[in-house]
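Colleague: the sequence isn't on hand, but the structure is:
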């Protein structure tokens, strides 16, 4: 019987090997933007990241010493800051914030540039660095004459005319109304918005463990499998090799200028352009990038002890400079769990041990991962619902609507939520904190 099964087993192995080789060849013959290829990449990435998340320390590779790829954040990283006429007032505050915390931006035009959707009437407009008008550059040199009548260019011209005529009210109205649309148009390159702050020590730790000679595209992953892209507000990082491959294909770059006329999200356009080169967002590092200000950043189980690289949406007057000053003496990376120590009015341990906190909301806006119950009698009942849910880390009870919300994350949250009572599931949070080795956070 064994002699009969052996040839069958051999045929099965040969058939499987042939099928695997055939499928592999077919996969690599597909264009990089093929939906089949994108779907396989997306699902394979999710599987691998799920396995990494379940590991004891998903960021163990960052502990390697000495760092394999040391660099200077000031001299070997190029920073591109995006702004618009309607938001240009944010740039001076951003400059000051970085100057307080190590000044990784370095020298203007050598280490960083500011790009926008207008040409200042003078080069010291509102104390700004020189703002390069990328829309005008595209109109003059990159787009065919047949496209000059595109509606988006008409919007741009109306904005520039208002600036040239010193019609401040009209220009501000236009800039705030559609400036976000015009957004689409060394070793590493970082792209950030004018309300995005990068944490230098955390960024250094990440980049010093990655080889810039490989085509890296990094950021916080959003979107479906067909257009998975790095959320621009969280910061986008491209390696030297990724940029080299991009500009080695002027045909693809030229097409991206044309595509920008009808693309709503510039950050998605970056991804779609890189996909044509076979460069995909590397989601292994997405959990280091954050798209919220410190008080709204969602600290989840899978990143509790991980370094956090960025803050976004820092728009409240004085908030950006406050972050810069708060991190002015920081030499070590900041991990997610430390946000309470740095930006809250009490430590995470004190907040966690307090059963119910008045006028707080540690859940934040309701989303697809939050759970909501209505007609709940009290905060204590809401707290109990969180404790019996394995995924829950925080809860908030609204006394006025008698609504209970729970979430698989914690945030510092709003300190003036008058009708709310909130708290953390300390039994779930404490082990996460101890794993970081920072019990006093």
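Modeller: Happy to help now that I have it. On a predicted model such as this, the values are computed, not experimentally measured, just so you know.

Colleague: mind checking the SS state of residue 252?
Modeller: Using DSSP: H, G, I helix; E, B strand; the rest coil, the three-state assignment for residue 252 comes out as helix.

Colleague: for it, which residues are in contact?
Modeller: Residue 252 sits next to 246, 273, 276-277 when contact means Cβ atoms under 8 Å, 6 or more residues apart in numbering. Any C-beta I mention is one placed from the backbone N, CA and C, and that applies to glycine too.

Colleague: swap in residue 326?
Modeller: 342-343.

Colleague: so it versus residue 334, what's the distance?
Modeller: Counting by Cβ to Cβ, to the nearest Å, the gap between residue 326 and residue 334 amounts to 10 Å.

Colleague: mutual contacts of these two, please.
Modeller: Counting by Cβ under 8 Å, 6+ apart, the residues touching both residue 326 and residue 334 are residue 342.

Colleague: do you know the pLDDT at the residue most central in space within the chain?
Modeller: In the chain, the centroid-proximal residue (Cα atoms, centre = their mean) is residue 234; its distance is 2.7 Å. According to the prediction, residue 234 has pLDDT 97.

Colleague: and what of residue 346?
Modeller: In this model, residue 346 carries a pLDDT of 89.

Colleague: run a quick neighbour tally on it.
Modeller: 13 (other Cβ atoms under 10 Å).

Colleague: swap in the one 10 residues further on?
Modeller: As a burial measure, residue 356 scores 15 neighbours (other Cβ under 10 Å).

Colleague: quick check: the closest residue to residue 364 other than its chain neighbours vs residue 308, distance?
Modeller: In space, not counting the residues next to it along the chain, residue 364 is nearest to residue 411; the distance is 4.7 Å by Cβ to Cβ, 6 or more residues apart in numbering. According to Cβ to Cβ, residue 411 stands 13 Å off from residue 308.

Colleague: what stretches of the stretch 201-350 of the chain score poorly on pLDDT?
Modeller: Of all residues in the stretch 201-350 of the chain, none has pLDDT under 70.

Colleague: thought residue 355 was touching residue 386?
Modeller: No - under the criterion of Cβ atoms under 8 Å, residue 355 lies out of contact with residue 386, with a separation of 11.5 Å.

Colleague: tell me which of the two has more neighbours.
Modeller: Each of residue 355 and residue 386 had its neighbours counted (other Cβ under 10 Å), and the higher figure belongs to residue 386 (24 against 12).

Colleague: ok, that one - contacts?
Modeller: Taking Cβ under 8 Å, 6+ apart as the criterion, residue 386 is in contact with 392-395, 406, 423, 425.

Colleague: would TSV of the residues you listed with secondary structure be doable?
Modeller: Output for the contacts of residue 386, formatted as TSV (three-state DSSP):
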residue	secondary structure
392	coil
393	coil
394	strand
395	strand
406	strand
423	strand
425	coil
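
Colleague: tell me, how many residues neighbour residue 80?
Modeller: As a burial measure, the neighbour count of residue 80 was computed by other Cβ under 10 Å and equals 16.

Colleague: so what's it bridging to?
Modeller: Applying DSSP bridges to residue 80 yields these beta-bridge partners: residue 113, residue 191.

Colleague: residues in contact with it?
Modeller: Under the criterion of Cβ under 8 Å, 6+ apart, the neighbours of residue 80 are 112-113, 115, 189-192.

Colleague: quick one: which of those residues has the most company?
Modeller: With neighbours defined as other Cβ under 10 Å, the most crowded of the contacts of residue 80 is residue 190; it has 25 neighbours.

Colleague: what touches both of residue 411 and residue 308?
Modeller: Common neighbours of residue 411 and residue 308, using Cβ under 8 Å, 6+ apart, are residue 297.

Colleague: ramachandran angles for the residue nearest to the centre of the chain?
Modeller: Phi and psi for residue 234, reported as degrees, to the nearest 10, are phi -80, psi -10.

Colleague: swap in residue 72?
Modeller: Summarising the backbone geometry of residue 72 under the convention degrees, to the nearest 10, its torsions are phi -100, psi 120.

Colleague: quick one: contacts for the residue nearest to residue 364?
Modeller: With contacts defined as Cβ under 8 Å, 6+ apart, the neighbours of residue 411 are 295-299, 361-364, 394.

Colleague: look up how far residue 259 lies from it.
Modeller: Relative to residue 259, residue 411 is positioned 36 Å away (criterion: Cβ to Cβ).

Colleague: repeat that for residue 397.
Modeller: Spatial separation of residue 397 from residue 259 under the definition Cβ to Cβ is 47 Å.

Colleague: where do the strands of the stretch 1-150 of the chain begin and end?
Modeller: With DSSP state E, counting those that start in this stretch applied, the stretch 1-150 of the chain shows strands at 77-82, 112-116, 131-133, listed in chain order.

Colleague: could those strands go into CSV alongside distance to residue 198 and mean pLDDT?
Modeller: Output for these, formatted as CSV (distance: least, Cβ to Cβ, whole Å; pLDDT from 0 to 100):
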stretch, distance to residue 198, mean pLDDT
strand 77-82, 8, 93
strand 112-116, 11, 85
strand 131-133, 20, 71
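
Colleague: format these as TSV; extra columns: distance to residue 434.
Modeller: TSV is the format used below for those (distance: least, Cβ to Cβ, whole Å):
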stretch	distance to residue 434
strand 77-82	34
strand 112-116	40
strand 131-133	48
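
Colleague: residue 200: which of the ones you listed is closest?
Modeller: Proximity to residue 200, assessed across these by Cβ to Cβ, is greatest for strand 77-82 (10.1 Å).

Colleague: what residues sit buried inside that closest one?
Modeller: By 16 or more other Cβ atoms under 10 Å, the buried positions in strand 77-82 come out as 77-82.

Colleague: what pLDDT is listed against the residue nearest to residue 364?
Modeller: The model reports residue 411 with a pLDDT of 97.

Colleague: how close does it get to residue 116?
Modeller: Counting by Cβ to Cβ, the gap between residue 411 and residue 116 amounts to 32 Å.

Colleague: also residue 314?
Modeller: Residue 314 sits at a distance of 19 Å from residue 116 (criterion: Cβ to Cβ).

Colleague: among those two, which residue is more densely surrounded?
Modeller: In this comparison of residue 314 against residue 116, neighbours counted by other Cβ under 10 Å, the higher total goes to residue 116 at 27 against 24.

Colleague: thanks again, I'm all set now.
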